[in-house]
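Peer 1: coords below, sequence missing:
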């Protein structure tokens, strides 16, 4: 547990899952994926509560995406779905901040999403959440408000690919190590944020966090 609790200091990677909620894929005009869509964020993108989310240089459309993050506690590769719980140390609430204009341009040109997804402050996270605080991670509410107005209100039961499926799939290609975090996708309702906005989000009533947006 101590290893997982220090994920921001010892984790070597953040593996993110795109389009893992059908309604979110639909709102962006994307097809439902047949297998998990993966991308990475550098650990330098982590942001602790009390610090500001900074809009990256040249970005004109910064979107919020609230997600459940899975914190890995043991090294593993080719993990069977049935064994996945043994490799999970706990969870975090996370934001996958996305420079949507950067991403749209990259998609049109068939280029990677690195700038859109991996810039500094693009991964605000809560404190570590022990497993016993989330007895059923596959049925828990995710919500987000901007300046007090509800923008996202979803449930992890609506994931296209479940947490065991994601961890098992990812571990076929990347060795998962203590402190690594897997962001499991966002429900519908993503949208723009502007300088001066306040973002509040929560994982049911288990944990909440708040960030401001700045230039």
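Peer 2: Received the coordinates, thanks. Worth saying up front: this structure is predicted, and the values here are computed from it rather than measured. Numbers count the residues shown, from 1 in each chain.

Peer 1: quick check: residue 184 touching residue 70?
Peer 2: Yes - using Cβ atoms under 8 Å, residue 184 is in contact with residue 70, at 6.4 Å. In this view, the C-beta of every residue, glycine as well, is placed from N, C-alpha and C.

Peer 1: start and end of stretch 163-179, how far apart?
Peer 2: The first residue of stretch 163-179 is 17 Å away from its last residue (Cα to Cα, to the nearest Å).

Peer 1: swap that for stretch 73-93, please
Peer 2: Using Cα to Cα, one end of stretch 73-93 lies 17 Å from the other.

Peer 1: so which residue is smack in the middle of this structure?
Peer 2: Centroid-nearest residue in the chain: residue 183, 3.5 Å away (criterion: Cα atoms, centre = their mean).

Peer 1: doesn't residue 108 lie inside a helix?
Peer 2: Yes - when DSSP: H, G, I helix; E, B strand; the rest coil is applied, residue 108 is found to be in a helix.

Peer 1: ok, it to residue 118 distance?
Peer 2: 19 Å (Cβ to Cβ, to the nearest Å).

Peer 1: neighbour count: those two, which is higher?
Peer 2: Taking neighbours as other Cβ atoms under 10 Å, residue 108 and residue 118 compare with residue 118 leading, 20 against 8.

Peer 1: so what's the backbone phi/psi at the more buried one?
Peer 2: When read as degrees, to the nearest 10, the backbone of residue 118 gives phi -110, psi 10.

Peer 1: wait, isn't it in contact with residue 46?
Peer 2: No - taking contacts as Cβ under 8 Å, residue 118 lies outside contact range of residue 46: 11.2 Å.

Peer 1: quickly list what's touching both of those two.
Peer 2: Counting by Cβ atoms under 8 Å, 6 or more residues apart in numbering, residue 118 and residue 46 have no common neighbour.

Peer 1: picking up where we left off before, overlap of the contact sets of residue 184 and residue 70?
Peer 2: When contacts are counted by Cβ under 8 Å, 6+ apart, residue 184 and residue 70 have 163, 166 as shared neighbours.

Peer 1: could you report the neighbour count for the residue nearest to residue 214 when sequence neighbours are not counted?
Peer 2: Ranked by Cβ to Cβ, 6 or more residues apart in numbering and with sequence neighbours excluded, the top spatial neighbour of residue 214 is residue 52, at 4.3 Å. Close neighbours of residue 52, defined as other Cβ under 10 Å, add up to 14.

Peer 1: could you verify my assumption that residue 52 touches residue 210?
Peer 2: No - Residue 52 is not in contact with residue 210 according to Cβ under 8 Å; the separation is 11.0 Å.

Peer 1: need the three-state assignment for residue 143.
Peer 2: Assigned by three-state DSSP, the conformation of residue 143 is strand.
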